[in-house]
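Would you be able to build a 3D model of this:
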Amino acid sequence: MKHNYLAGAAVLGAALAFSTTANAQNVINANNHGMAGALNFAGGYGYLGGGGRLEIEYQFHFNRRYEGPGIGLGIQLPFWAGFGIGFQGRFIYDIQPISNVAFFITPYGGLSLGFWNYCEAGRCGGFWVAPELGLELKVVLFDRLLLGFRPIGISIPFAFGGWRDSVWWGYHAGFTIGVTF
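Model (predicted):
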């Protein structure tokens, strides 16, 4: 997990440092594309142990620019303590702290639900519903390439059926790569 923080900080730091030079103004300038497609790779730890998940997400900003309020819709493929498939919806708010620089701080909140193939005591399967909160740091390079680092992501899944009814928690951090359009 420590390596995730260091790598994410290095990528964002290098992008910001590069963007301040006079000859690099078009690399990380203001972005005018309000939609994005992204792959999120996250590793985490929670009540059921460690593992990871892949998220395929479509983002749409209400003001047609890559900043301000928007929604994210996607598919989750978690693979810790079993395997699952789920769907997610998020409210995102991209904050651009430096004018004309495509660096964003993105708090989000959302909900995911899906099926989980986890076996315990000979009983397998179940469904989950999970509220999620998190924060992501993102840059848009060359007006298209989206890179992000998620240092904070918390989910509180409620599981039903199959193996047992329960509530647990999960923490995840990860990286995002995508394109704006």
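
Beta-bridge partners for residue 177, please?
Here residue 177 sits in beta bridges with residue 39, residue 147, going by DSSP bridges.

got it, and residue 113?
Applying DSSP bridges to residue 113, the residues it is bridged with are residue 87, residue 129.

got it, and residue 55?
In this entry, residue 55 is beta-bridged to residue 40, residue 76, by DSSP bridges.

Pull the contacting residues for residue 109.
For residue 109, the contacting residues are 90, 91, 131, 132, 133, 134, by Cβ atoms under 8 Å, 6 or more residues apart in numbering. All C-beta atoms are positioned from the backbone trio N, CA, C, and that covers glycine.

Could you rerun that using 10 Å?
Residues in contact with residue 109 (Cβ atoms under 10 Å, 6 or more residues apart in numbering) are 90, 91, 92, 93, 131, 132, 133, 134.

so how far is residue 59 from the fourth one?
For residue 93, the distance to residue 59 equals 11 Å [Cβ to Cβ, to the nearest Å].

about what we covered before: mind giving me TSV with the contacts of residue 109 and columns for distance to residue 150 and secondary structure?
What follows is the contacts of residue 109, written out as TSV (distance: Cβ to Cβ, whole Å; DSSP: H, G, I helix; E, B strand; the rest coil):
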residue	distance to residue 150	secondary structure
90	12	strand
91	16	strand
92	12	strand
93	15	strand
131	16	strand
132	11	strand
133	11	strand
134	6	strand
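
Using ChimeraX, define a selection of the buried residues within the residues you listed.
Selecting only the buried entries of these in ChimeraX, with 16 or more other Cβ atoms under 10 Å as the criterion:
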select :90,92,132,134
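
Out of the contacts of residue 109, flag the one nearest to residue 142.
Among the contacts of residue 109, residue 92 lies closest to residue 142 (Cβ to Cβ), at 21.8 Å.

re the thing from before, what is in contact with residue 93 and residue 59 at once?
Taking Cβ under 10 Å, 6+ apart as the contact rule, residue 93 and residue 59 both touch 70, 106, 108.

Which of the residues you listed has the largest number of neighbours?
For these, the largest neighbour count, defined by other Cβ atoms under 10 Å, is 23 neighbours, found at residue 70.

Let me see the contact set for the residue nearest in space to the middle of the chain.
The residue lying closest to the centre of the chain (Cα atoms, centre = their mean) is residue 40, at 5.3 Å. By Cβ under 10 Å, 6+ apart, the contact set of residue 40 is 53-57, 72, 74, 76, 88, 136, 148, 150, 153, 172, 174-178.
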